[in-house]
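**Student:** requesting a structural model of the entry that follows:
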Amino acid sequence: MRMLTLSAVLLCAGFAAAQDKKAPLKVEAPVVKPLEGKSVTIQLFDGKSLAGWEGYPDLWSVKDGIIVAKNDKPLTYSTYLLTKDKYTDFRLTFATKLAESEMHSGIAFWGEVSPKADGKVKDPKIDRTEFTYKGHLVMFPSGYGMYDLFGRNGLGVDAAPAKKVGKQHDWNDVEILAQGNRVRVAINGAAVVDWRDPKPETIQAAPIGLQLHSNKVPQEVQFKGLTLETFPKEDKLLSVK
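**Tutor:** Numbers count the residues shown, from 1 in each chain. Prediction:
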């Protein structure tokens with residue numbers, strides 16, 4: 001009887017050790033209802049200027065009705081063109097194109113601007129951190145998915161659906177629907193992300209940021225359209241048929 005008991009103990013210990021080596025269990029996200037507010041459609045980009053936005057003027061410009069993000073020198077930190085207004089629940093539709101380099105871009109939201117992120121910044125003017133961002137990021141094209149900037153890092157969103165429909169160096173039509181703690185994304189008419197944040201306490205009203213990623217090589221990303229609906233009336237991705 002004692003041998004059987006000892007064997008059972010060893011078996012349980014072995015099972016526990018095996019469990020420890022496995023990836024941690026995913027935390028079930030709570031369901032946070034969409035916030036209520038006035039639904040207004042806003043053209044974030046007038047097609048002519050960067051009115052209503054702020055960022056480094058040597059990195060962001062407008063050409064032929066397109067917002068162009070371009071760097072010739074290395075960027076130590078990703079930098080953003082930021083709306084001057086803050087948003088919580090919204091629907092954002094736009095088109096984007098990766099014109100040069102293979103580095104992904106993205107849309108940042110639900111966070112804070114200019115964090116003293118990792119303690120490595122010695123001189124904000126040299127390291128160009130005035131328009132950095134700490135918060136959520138929807139990525140495209142190259143590295144699709146979602147990221148928690150200066151936080152949890154990768155958010156475990158499957159990139160495969162987006163890779164099937166995304167275009168690497170051509171225009172992509174994107175829709176982002178952010179409500180409560182839920183984020184849905186469509187690319188070129190296909191739903192590719194449906195994710196809830198298990199830490200809704202990290203969500204806050206914040207500017208929306210267009211990303212020019214940190215990189216050692218020249219790169220160019222383009223954006224156009226950029227129509228935003230606050231507190232969306234319809235609880236679905238409208239570009240998905």
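**Student:** look at the one residue sitting closest to the centre of the chain and report its pLDDT.
**Tutor:** Nearest to the geometric centre of the chain sits L137, at 1.3 Å (C-alpha atoms, centre = their mean). pLDDT recorded at L137 is 98.
**Student:** and the one 5 residues further on, by the same measure?
**Tutor:** The pLDDT attached to S142 in the predicted structure is 91.
**Student:** do the same with the one 10 residues further on
**Tutor:** According to the per-residue confidence, R152 scores 93 in pLDDT.
**Student:** residues contacting it?
**Tutor:** Contacts for R152 (C-beta atoms under 8 Å, 6 or more residues apart in numbering) come out as K199. In short, each C-beta sits where N, CA and C put it, glycine included.
**Student:** next one: it from G135, what distance?
**Tutor:** 11 Å (C-beta to C-beta, to the nearest Å).
**Student:** quick check, the residue nearest to the centre of the chain in contact with I208.
**Tutor:** No - L137 lies out of contact with I208 (C-beta atoms under 8 Å); the separation is 11.0 Å.
**Student:** need the residues touching each of the two.
**Tutor:** Joint contacts of L137 and I208 (C-beta under 8 Å, 6+ apart) are 107-108.
**Student:** any low-confidence regions in the chain?
**Tutor:** Residue ranges of the chain with pLDDT under 70: 1-27, 115-126.
**Student:** please redo it, this time with the cut-off set to 80
**Tutor:** Counting by pLDDT under 80, the chain contains low-confidence ranges at 1-27, 114-127.
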